[in-house]
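Participant: have a look at this prediction, sequence included:
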Amino acid sequence: YNSSEHTIKLLESLKENTDQDFEVIIIDNASSSEELVKLENWLNVGLEMSDNTRHSMTFIKSDQNLGFSGGNNLGLKEAFKRGSNWAFLINNDTWADKGFVGDLRAILRPLEGLVGLPLIEDEKVAYGGKIKWFKESLEHIYGPPKDYGLETKALDFRPSTLDYYIIGGALGISKEAYDH
């Protein structure tokens with residue numbers, strides 16, 4: 001919403017990925033006409049400049065601002081309708097390194113559920129968080145989860161461990177979890 005420059009930077013980083021077998025669905029949440037024109041111009045010109053692109057970019061404009069979750073729901077519905085096994089909601093002020101898609105594909109192919117990617121905050125990396133139930137607050141976990149007494153490299157969000165939450169500049173969800 002109203003931040004085409006961030007969105008274009010993210011799209012440029014995705015265009016440079018070494019694994020180009022993916023689709024991008026861009027949801028606009030009723031941005032101003034000026035912001036829409038900037039983004040549409042990049043989509044028309046930026047994609048023409050790309051070599052070796054096998055993925056496509058779909059641009060969906062909402063007539064009204066549906067809020068963060070409403071915009072995400074539009075994208076998820078479209079991704080799974082098109083047959084995706086996984087969908088990633090990526091904040092538009094995030095960018096991806098060149099191995100982003102290939103690295104995720106190798107890890108996620110056999111899995112289902114939710115995945116939060118680490119988030120850099122004030123030169124620290126947040127991997128998730130712990131809920132403090134009686135203090136009405138959340139506490140981010142900085143550093144690898146093993147530093148917090150967790151046995152795996154990832155936080156476990158099965159029902160027996162509902163004291164933790166996912167954080168990140170991107171959130172992945174499998175079709176199985178979405179349908180559940």
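Facilitator: Thanks, I have it.

Participant: beta-bridge partners for the nearest residue to Glu121 once chain neighbours are set aside, please?
Facilitator: Of all residues not flanking Glu121 in the chain, His140 sits nearest, at 7.2 Å (CB to CB, 6 or more residues apart in numbering). Every C-beta, even on glycine, is put in place using the N, C-alpha and C of the backbone. Beta bridges link His140 to Gly129 when assigned by DSSP bridges.

Participant: relative to Ser174, how far out is His140?
Facilitator: Relative to Ser174, His140 is positioned 24 Å away (CB to CB, to the nearest Å).

Participant: of the two, who's got more company?
Facilitator: Ser174 (19 against 15; other CB atoms under 10 Å).

Participant: which secondary structure element is home to the closest residue to that one other than its chain neighbours?
Facilitator: Residue nearest to Ser174 in three dimensions, not counting chain neighbours: Glu112, with 4.1 Å by CB to CB, 6+ apart. Here Glu112 is covered by no helix or strand, with elements defined by DSSP states H and E.

Participant: quick check: phi and psi on the residue of the chain positioned farthest from its centre?
Facilitator: The centre of the chain is farthest from one residue, Phe134, which by CA atoms, centre = their mean lies 30.2 Å away. Dihedral pair for Phe134: phi -100, psi 0, per degrees, to the nearest 10.

Participant: what sits against it?
Facilitator: Going by CB atoms under 8 Å, 6 or more residues apart in numbering, Phe134 touches no other residue.

Participant: would you mind measuring from it to Tyr164?
Facilitator: 16 Å.

Participant: what's the answer for Lys81, then?
Facilitator: 31 Å.

Participant: who has more neighbours out of these two?
Facilitator: More neighbours surround Tyr164 than the other of Lys81 and Tyr164, with 18 against 8 (other CB under 10 Å).
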